[in-house]
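next come a sequence and a model predicted from it.
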Amino acid sequence: MTITSTADAAIATDGLRKSYGDLTVLAGVDLAVDAGTVFALLGSNGAGKTTLVRILSTLLKPDAGSATVAGFDVVSAAANVRESISLTGQFAAVDEILTGRENLVLMARLWHRKDRDRLADGLLARFQLTDAADRRVATYSGGMRRRLDIAMSLVGNPPVIFLDEPTTGLDPQGRLDVWKGIKELAGQGTTVLLTTQYLDEAEQLADRIAILHGGRIIADGTLAELKALLPPATVEYVERQPTLEDVFLAVVRTGGTAGGAGNDPTAASTSEVER
Ligand SMILES: Nc1ncnc2c1ncn2[C@@H]1O[C@H](COP(=O)(O)OP(=O)(O)O)[C@@H](O)[C@H]1O
Ligand SMILES: [Mg+2]
């Protein structure tokens, strides 16, 4: 199967630009995310990941370029976009005083869902929170809160979900638990765009990975395609998993030939790989 064109992508951006005063954060970002896939936007702290997610979720207007989410333009059809998405930020938006179940039922009420208890039970089970369902969130670990937060974002059954650094700040076990929850999202037809600073996280969760650096997508492909960019020496002599930095350095060395539109506008077509 060929990767779909941007026309029927669940998320597509074309030449997105955003500056804060003199600081150019996005300098022309081109992306296409197929419906029903998990897409990781990988970038170091300050790369512009949150800025891009805020534009895609209509919280911020781009200076130039365009973007569509679920087929709707993020500027001219912002209300339609908002009805099609959920956004889970780096900081959990759950109520501490309520139990996990109460949080979910409250959210279900806000969404006018009828099957509230059944919905809550199902989500609690999917995110391994059944045992903690009737405890106040104040007693939850960071990983449990983050999982509840993701579960909350699913109550409205949105076709597109944004997870902005879903595991940042969690301990290793919390991270693994959240990964498990995110894997649950895959294969259910939901499109997930997650941001991360960690290649291993992208590797665990994503069908495709794009690296955001210097305001552009400098590489875009499957994990295998990105790792193929690493010079053989890196793989031979580095006695650890290749990191984002390894891939990034390799991409910079090779002039960004990973299918990202970063350095060469004509390179975009190389991202149309066979699956
Ligand atoms: N509202 C703002 N005003 C000025 N600068 C900002 C604002 N928001 C973010 N920035 C700056 O833009 C850059 C990208 O930020 P951000 O999108 O949050 O990156 P990331 O999420 O990848 O860490 C950073 O240098 C940050 O300090
Ligand atoms: Mg951020």
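Good, I have the coordinates. Ligands and ions are numbered 1, 2, ... in the order given.

what does the chain have sitting close to ligand 2?
K49, T50 (Cβ under 5 Å from the ion). In short, each C-beta sits where N, CA and C put it, glycine included.

low-confidence ranges, the chain, go.
1-7, 89-93, 187, 230-244, 252-275 (pLDDT under 70).

show me what from it comes close to ligand 1.
Y20, L23, V25, G43, N45, G46, A47, G48, K49, T50, T51 (Cβ under 6 Å from any ligand atom).

surely the fourth one is in contact with K49?
Which is G43. Yes: checked against Cβ atoms under 8 Å, the pair G43 and K49 is within contact range at 5.0 Å.

what do those two both touch?
T195, L212 (Cβ atoms under 8 Å, 6 or more residues apart in numbering).

re the thing from before, the residues of the chain next to ligand 1 into TSV, with extra columns for secondary structure?
As requested, these are arranged in TSV below (DSSP: H, G, I helix; E, B strand; the rest coil):
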residue	secondary structure
Y20	strand
L23	strand
V25	strand
G43	coil
N45	coil
G46	coil
A47	coil
G48	coil
K49	helix
T50	helix
T51	helix
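
what is the nearest of those to L106?
Ranked by distance to L106 (Cβ to Cβ), those are led by T50 at 26.4 Å.

for stretch 108-119, give me every contacting residue.
Residues contacting stretch 108-119 (Cβ under 8 Å, 6+ apart): L104, V105, A120, V155, G156.

hmm, 7 Å instead?
V105, A120, V155, G156 (Cβ atoms under 7 Å, 6 or more residues apart in numbering).

most neighbours, which of the residues of the chain next to ligand 1?
G48 (25 neighbours; other Cβ atoms under 10 Å).

residues in contact with that residue?
V25, L26, L212, G215.

from A132, how far out is the residue lying closest to the first one once chain neighbours are set aside?
Once flanking residues are discounted, V25 sits nearest to G48: 4.2 Å by Cβ to Cβ, 6 or more residues apart in numbering. Taken as Cβ to Cβ, to the nearest Å, the spacing of G48 relative to A132 amounts to 35 Å.

kindly report the same for A10.
With Cβ to Cβ as the criterion, A10 and A132 are 32 Å apart.

higher neighbour count, these two?
Neighbour count, other Cβ under 10 Å: between A10 and A132, A10 has more, with 23 against 20.

enumerate every residue touching that one.
Counted by Cβ under 7 Å, 6+ apart, A10 has contacts V33, D34, A35, A70, P159, V160, T191.

wait, the fifth one sits on A70?
Yep, that's P159 we're talking about. Yes: taking contacts as Cβ atoms under 7 Å, P159 lies within contact range of A70: 5.4 Å.

joint contacts of these two?
Common neighbours of P159 and A70 (Cβ under 7 Å, 6+ apart) are A10, S84.

start and end of stretch 202-217, how far apart?
The straight-line separation of the ends of stretch 202-217 (Cα to Cα, to the nearest Å) is 15 Å.

hmm, who's touching it?
24-31, 37-43, 47-49, 179, 182-183, 194, 196, 218-223, 226, 247-248, 251, 260-262.

in it, what's buried?
202-213, 215-217 (16 or more other Cβ atoms under 10 Å).

tell me which of the residues you listed fall in strands.
R208, I209, A210, I211, L212, H213, R216, I217 (DSSP state E).

tell me the one among those residues nearest to ligand 1.
Nearest to ligand 1 among these is L212, at 7.1 Å by Cβ to the nearest ligand atom.

name whatever forms a beta bridge with that closest one.
I217 (DSSP bridges).

what sits against whatever residue of the chain ends up closest to ligand 2?
Of all residues in the chain, T50 sits closest to ligand 2, at 3.2 Å by Cβ to the ion. Contact partners of T50, counting by Cβ under 7 Å, 6+ apart, are D164.

before we move on, what about the one 3 residues further on?
Contact criterion Cβ under 7 Å, 6+ apart gives F162, D164, T195 as the residues in contact with V53.

please pick the buried ones from those.
The buried subset of the contacts of V53 (16+ other Cβ under 10 Å) comprises F162, D164, T195.

sort out for me which of those are in strands.
Checked against DSSP E, those include these in strands: F162, D164, T195.
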